[in-house]
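[1] Quick check, what structure comes out for this input:
(one chain, ligands or ions: 1)
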Amino acid sequence: MNFKKLILNPELYANIAYKRIRNRVRVLCYRGDIVVCEICNWRGKKFFKGCCPKCNSLPRTRLIPFSLAYFKLLNDTPKLLHVAPNVNEFNYIKDKVTPLDSYDRLNIRPVKHINIVQDLTNTSLKEFSYDLAIAWHVLEHIPKDQQAIAEVYRLLKKGGHFLVSVPIYPLENMTTFEDVNLPYEDYERIHGHYDHCRSCGLDYYKRFEAIGFKVSQLLVKDLETEFVDRFGLRTDHVVWCFTK
Ligand SMILES: [Zn+2]
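    Reported below is the predicted structural model:
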């Protein structure tokens, strides 16, 4: 523990300590072998309000391991570009992809587990560099998403894959809605989140097709209930695996 930071910010450390103790109590209370969090390998009776009691992973994060297996994307060791991963996503993937230098983590701002700080709409990375790219609930935050998609297309090797999920808003929305003139303060009211530039619909994959990707789709609602329950997934989620 950094004692200088502890003295400067005691509330932050009190909060971290509280969450650690809280999670240990929840793990004890939820002992069992009915559900599995593939992010941290916790097994238990049930998830706590959708979250893993041990690592706090959300259903959408637990959908990553499921999707990688579903589309058979980690069978060979890929050179991987992960766009703006959260800590849980990073911790999970880094153990799957070895050596670690074949796993690049890109973000527009510096974050501890990020190794490339660049804008996805315009990187200086070399074309044909990656076998696999992942953008998980990220593209809805990027105003020029089609530029970002085109950049990933450029960076992927031929036959490479781009694994993507975005929130569908409102639920079961079929048609993506976007108004580039909408002021930022209206994002929450229109798109359901203060930082979402658009309301993605189930037709969002067409933006990738327009750039040249072939598409495969996974709708969680079409999966067997036993998978949904076991891995704590959400039936309103969608995943696309695009191939260059
Ligand atoms: Zn977990």
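[2] Which parts of the protein belong to which domain?
    Residue ranges for the domains of the chain, per automatic domain parsing: 1-55, 58-243.
[3] Residue 60 and the ion, how far apart?
    Separation of residue 60 from the ion (CB to the ion, to the nearest Å): 13 Å. Every residue, glycine included, has its C-beta placed from N, CA and C.
[4] same for the helix or strand harbouring that residue, what does it pack against?
    Using DSSP states H and E, residue 60 sits within helix 59-70. In terms of contacts (3 or more CB pairs under 8 Å, 6 or more residues apart in numbering; DSSP states H and E), helix 59-70 is packed against helix 87-94, strand 130-136, strand 156-165, helix 225-231, strand 238-243.
[5] in the chain, which spans are helices?
    Here the chain has its helices, by DSSP state H, at 3-8, 10-29, 59-70, 87-94, 145-155, 187-191, 206-209, 225-231.
[6] can you list contacts of the last one?
    Right, helix 225-231. For helix 225-231, the external contacting residues (CB atoms under 8 Å, 6 or more residues apart in numbering) are 34-38, 62-63, 65-66, 220, 233-235.
[7] roughly how far out does that helix sit from the chain middle?
    Between the centre of helix 225-231 and the centre of its chain there are 19 Å (CA atoms, centre = their mean, to the nearest Å).
[8] got any ranges where this protein has weak pLDDT?
    Counting by pLDDT under 70, the chain contains low-confidence ranges at 1-6.
[9] Make CSV from the helices of the chain and add mean neighbour count to it.
    Putting the helices of the chain into CSV (neighbours: other CB atoms under 10 Å) gives the following:
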stretch, mean neighbour count
helix 3-8, 10
helix 10-29, 12
helix 59-70, 21
helix 87-94, 18
helix 145-155, 20
helix 187-191, 16
helix 206-209, 16
helix 225-231, 13
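[10] Of all those helices, which one is nearest residue 175?
    Distance to residue 175, taken as CB to CB, is lowest for helix 206-209 among the helices of the chain, at 10.0 Å.
[11] Please report the distance of the residue of the chain most remote from its centre from the ion.
    Outermost residue of the chain with respect to the C-alpha centroid, by CA atoms, centre = their mean, is residue 7; its distance is 34.0 Å. Computed as CB to the ion, the residue 7 to the ion distance reads 32 Å.
[12] ok, back up a step: for the contacts of helix 225-231, which one is nearest the ion?
    Checking these against the ion with CB to the ion, the nearest one is residue 37 at 3.1 Å.
[13] Could you tell me which residues make contact with that closest one?
    Going by CB under 8 Å, 6+ apart, residue 37 touches 43, 47, 52, 54, 55, 57, 62, 231, 232.
[14] Tell me if I'm right that the fourth one and residue 23 touch.
    The reference is to residue 54. Yes. With contact defined as CB atoms under 8 Å, residue 54 reaches residue 23; the gap is 6.1 Å.
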